[in-house]
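Novice: Sharing a model that was predicted from the sequence below.
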Amino acid sequence: MTGLKLQGIRRSFSDPAPKLVLSGIDLAIETGEFVALVGPSGRGKTTLLRIIAGLDEAYEGTVTWAGGRRPRLAAVFQEPRLVPWLSVLDNLRLVSDRDRDAEARALLAEAGLAGTETAFPGQLSGGMQRRVALVRALLVDPEFLVLDEPILSLDPDLAQRMREWIGAYWRLRRPTVLLVTHDLREAAFLATRILVLGAGEGTIVVDLPVDLSHPRRQDDPRIEAIIEGLAHRDPMLLADGHDDGRDGRAGRPQPLE
Amino acid sequence: MLEARPRPPVRGEEPPAHASARPGGRSWWRGALSLVVLLALWQVAAIVAQSPVLPPPSAVGASVYRHLLYGDLVQDVAVTLARVAVAFALAMGIGSALGILLGRNRVLDEFFDGWVVIGLNMPALVTIVLCYVWFGLNEVAAVLAVAINKTPLVVTVTREGARSLDRSLLEMAKVFEIPRGRVLRRIVLPQLAPSLMASARAGLALTWKIVLVVELLGRPNGVGFQIRSFFNFFDIAGILAYTFVFIAVILMVENCLLRPLDRRVGRWRTA
Ligand SMILES: Nc1ncnc2c1ncn2[C@@H]1O[C@H](COP(=O)(O)OP(=O)(O)OP(=O)(O)O)[C@@H](O)[C@H]1O
Ligand SMILES: [Mg+2]
């Protein structure tokens, strides 16, 4: 069953300068898939997520959900977006209910945030705020989960634990996941399918199924192979520099093939 | 290439501090001293002038005492206060609802902006007279006139707050489909609280002054009505007695109701 279908999505911005960011995205995501969307900075990953999440309506093309209705959606934005005047627990109550406090506390504990319930977001570190945002997203038991670089500003060990946590959650509840990341290893570790947003052209240039069973091992050589393959198709993916796409493909190494 | 230097912390970037933080060193006895000086000057002026139109503080004090014990002062103040309360609540409710609406909807805002400007510049006296003419010399007209006078001010202040609502939080609420009422209570109103408090404080001062005029022009009771009768009898001590008592009551409302509310509203910032 196709959970989400995008057809001919185009989006351009006129301010400060006219710029076509997405120039025709065609994509079908099946229910229960774990899709990773990768691509260097500025290629339009967040722009695409915003369109899918219904936050941006100034696009051309169509977004179709299975059954004609938007599923229960949750998102981790690129910034935590916690409400600064509400305690952590009150932030979680915003999206759930008081009688689900026990679940909220349990998820907080799993994210290593036990004891922060009464803290205000401003009293937490950046990495802690991001984890609260992740807890908030998981708490609503979403059918479709949008993650925009959810694992940032965490030390490598904690980051890996969070990845494993997200993977475990997905295996348990089987939501459809769309994960944006700069980290090819993260994509290959978690996703069942990897999409690469192309530079300059604003379309999906690589659509790669990942046929590895879940849970995966971090040191699985096949993950390494996937990363190499992707880097081969688009060397910018490893550089991780800012790519605002303005200069097109001119001065950049062309993909082989 | 430019060297990236750590930015010095900029104090001014923090959200504005609330009125609860009073400058240190200002103590109650200095305020009392200043009042005593004012009374002394007044006493001297009254002795020098020796005129019935400038009674000394002692005469005003005696008048307060007399009206408190044998007159209608308590009743009049209560009646006026009730009018202030109803008009204030009406203006705050309607004004902030309209303000949020205009602040969030550009089309409506453009359309009604002119109306708001006219409302802001409408002389209070005109509104009062028109209300009495159109709705009759009754309680409804009196309270309505005051509320109409104050509403545009509340609209402009709240509209300003609603315009600067944090968009990223509203987007978050939209994605998670948080119920409207909850968004209003927990995300929108807390951001509007400083504007609402500002308009409440400015509004309270404005409201009671207008209520006195309304009473003077067309009500058979209340502080404003009494001041007119004292005027007719040239009872300046009576006018001043009523005025001071009423000012004291309003200051009490401000100190015991608005200020603690203000502090509660700003609590998370200092937590
Ligand atoms: N509201 C906007 N107005 C104008 N331009 C925008 C706007 N939002 C995004 N853009 C432009 O669209 C391009 C893509 O932005 P987007 O945020 O989608 O990139 P991204 O792939 O998510 O990058 P990153 O990995 O850094 O988050 C950028 O060049 C950006 O300047
Ligand atoms: Mg982004």
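Specialist: Now that the structure is in, tell me what you want to look at. Ligands and ions are numbered 1, 2, ... in the order given.

Novice: Could I get the pLDDT score of residue A:39?
Specialist: On pLDDT, residue A:39 comes in at 87.

Novice: Any idea how many residues pack against it?
Specialist: Residue A:39 has 25 neighbours, counted by other Cβ atoms under 10 Å in any protein chain shown. All C-beta spots, glycine's among them, are computed from the backbone N, C-alpha and C.

Novice: Surely it and residue A:230 touch.
Specialist: No - counting by Cβ atoms under 8 Å, residue A:39 does not reach residue A:230; the two are 10.5 Å apart.

Novice: Common neighbours of those two, please.
Specialist: Listed as contacting both residue A:39 and residue A:230 by Cβ atoms under 8 Å, 6 or more residues apart in numbering or on different chains are A:196, A:237.

Novice: just to confirm, which helix or strand has the residue of the stretch 1-150 of chain A found nearest ligand 2 in it?
Specialist: Closest to ligand 2 within the stretch 1-150 of chain A is residue A:46: 3.1 Å, counting by Cβ to the ion. Using DSSP states H and E, the element containing residue A:46 is helix A:45-52.

Novice: Buried ones in stretch B:84-95, by neighbour count?
Specialist: By neighbour count on 16 or more other Cβ atoms under 10 Å in any protein chain shown, the buried set for stretch B:84-95 is B:84, B:86-88, B:90-92, B:94-95.

Novice: same deal with stretch B:102-121?
Specialist: B:102-103, B:109, B:112, B:116, B:119.

Novice: hmm, who's touching it?
Specialist: B:101, B:148, B:151-153, B:155-156, B:158-163, B:165.

Novice: OK, contacts around the closest residue to residue B:214 other than its chain neighbours?
Specialist: Among residues not flanking residue B:214 along the chain, residue B:142 sits closest, at 4.7 Å (Cβ to Cβ, 6 or more residues apart in numbering or on different chains). Residue B:142 makes contacts with B:83, B:131-132, B:211, B:214-215, B:218-219, as judged by Cβ under 8 Å, 6+ apart.

Novice: one step back: farthest-apart pair in the buried residues of stretch B:102-121, please.
Specialist: B:103 and B:119 (16.0 Å; Cβ to Cβ).

Novice: Next, work out how far apart the closest residue to ligand 2 within the stretch 151-257 of chain A and residue B:82 are.
Specialist: Residue of the stretch 151-257 of chain A nearest ligand 2, by Cβ to the ion: residue A:180 (6.4 Å). In this structure, residue A:180 and residue B:82 are 59 Å apart, going by Cβ to Cβ, to the nearest Å.

Novice: Name the residue in the two with the higher neighbour count.
Specialist: Per other Cβ under 10 Å, whichever of residue A:180 and residue B:82 has more neighbours is residue A:180, with 23 against 14.

Novice: ok, what's across the strand from that one?
Specialist: Beta-bridge pairing of residue A:180 under DSSP bridges involves residue A:37, residue A:148.

Novice: ok, now which ones touch it?
Specialist: Taking Cβ under 8 Å, 6+ apart, we find residue A:180 in contact with A:36-38, A:45-46, A:49, A:147-149.
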